[in-house]
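# Whatever this is, show me its structure:
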Amino acid sequence: MSLSTVDAAATAVPPEEPAVKGIEGRTPLQLVVQRLRTDRVAIISVVVIVLIIALAIGAPLIAAITGHGPTDTNVDNGTDANGQPLPPGSAGYLLGTDNLGRDILVRIAYGARVSLIVGVVATAIATIVGVVVGLFAGYYGGWLDSILARIMDVVLSFPYVLFAIVLVSVFGSSLPLTILVIAFFSFAAIGRIVRGQALSQREKEYVEAAHSLGAGNMRIMFVDILPNLVAPVIVLATLLIPTAIIFEATLSFLGLGIALPTPSWGNMLSDAEGVGFQAWWFYIFPMIFLLLTTLAFNLLGDAVRDALDPRTERIFAARRKKKPA
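Residues are numbered from 1 along each chain as shown. All right, here's what the predicted structure looks like:
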């Protein structure tokens, strides 16, 4: 072996071994998203909700394409010679018409707007009020807890239909009034859960540590305790949206919700009352969209509850193992 060969072998740098990849931590949000991605029911529910949202956003476009407004009556061209609604597939009317010749598809699209607005806004108001009331009741306890807890009990036991009748008779039916009524009768459901969790959390060591460091009550409630209640609040809010949608449909069906002629799935079903099977599309299509929307939100809420529960990790781990590599 030559000297140059020996020197080259001595100075040769050994190939670097691939670095061992460390374990990467995942945030709670990443864990929840990963679990939901393995849940087919959750994925289907999200797809349905996105399609309903797209239908609501595209309502003006649908009205422009068809040339029919949501409140435009067209007895001449929208009904047959006997004055009966046109069936689905008729010229210019994909889902048929109602007894006034109004386009069912356009009215369903605008009704989706009302249902989503009521569901989301009413749930947001109810969640904020319920969290604040529940935190104050559970954290402070004593006479304040007794008063707030009794108020929530009264709200939960009060017949909301009678309350809605009184308000409508005084102020008249409108979208803001409907949202406020639904939010008022929904906040107690979240408030009771938050109150129970706050009663438990205020006895924890981290709350005592915060007190010892001089933290104020407001900071402890909203900075220390509230983040630990995010999971149940999210689950309850997800399940309250379909409840609010059904609430609005019920009030509109009884003539206590959205004022006519604004289309709502509830008042569309009310208009179809007594039509019979001869004009089945008059009530079947609003019923189907109402069922799909509420069912999708309910199934998504169940999936979110399971994804936020660490005790269900074995179920999601088994699903990941079944997925093809």
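
# Identify the residues contacting T293.
By C-beta atoms under 8 Å, 6 or more residues apart in numbering, T293 lies in contact with V48, I49, I52, A112, S115, P242, I245. Where you see a C-beta, it was placed from the backbone N, CA and C, and this is true even at glycine.

# for it, phi and psi?
The phi and psi values for T293, taken as degrees, to the nearest 10, are phi -70, psi -50.

# and the contacts of T293, which of them are in helices?
Of the contacts of T293, the ones assigned to helices by DSSP state H are V48, I49, I52, A112, S115, P242, I245.

# which of these has the most neighbours?
Neighbour counts for the ones in helices among the contacts of T293 (other C-beta atoms under 10 Å) peak at S115, which has 29 neighbours.

# Doesn't R195 lie inside a helix?
Yes - counting by DSSP: H, G, I helix; E, B strand; the rest coil, one finds R195 located in a helix.

# about what we covered before: I'd like the contacts of T293 laid out as CSV, including distance to M287.
Shown next, in CSV, are these (distance: C-beta to C-beta, whole Å):
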residue, distance to M287
V48, 15
I49, 18
I52, 14
A112, 14
S115, 13
P242, 15
I245, 13
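
# closest to A307 among those residues?
Among those, I49 lies closest to A307 (C-beta to C-beta), at 16.0 Å.

# Name the residues of stretch 291-298 that come out as buried.
Buried positions in stretch 291-298, judged by neighbour count with 16 or more other C-beta atoms under 10 Å: T293, T294, A296, F297, N298.

# helices or strands up against the helix or strand harbouring R192?
Per DSSP states H and E, R192 falls inside helix 187-201. Under the contact definition 3 or more C-beta pairs under 8 Å, 6 or more residues apart in numbering; DSSP states H and E, helix 187-201 sits against helix 104-140, helix 142-157, helix 230-253.

# Can you check what angle separates that helix from helix 230-253?
170 degrees (axes from the mean of the first three to the mean of the last three C-alpha atoms, to 10 degrees).

# Quickly note the distance from P70 to I234.
To I234, P70 is 33 Å away according to C-beta to C-beta, to the nearest Å.

# out of these two, which sits in the busier spot?
Neighbours were counted for P70 and for I234 using other C-beta under 10 Å; P70 has more, 20 against 16.

# Give me the subset of the buried residues of stretch 291-298 that lies in helices.
Among the buried residues of stretch 291-298, the ones falling in helices (DSSP H) are T293, T294, A296, F297, N298.
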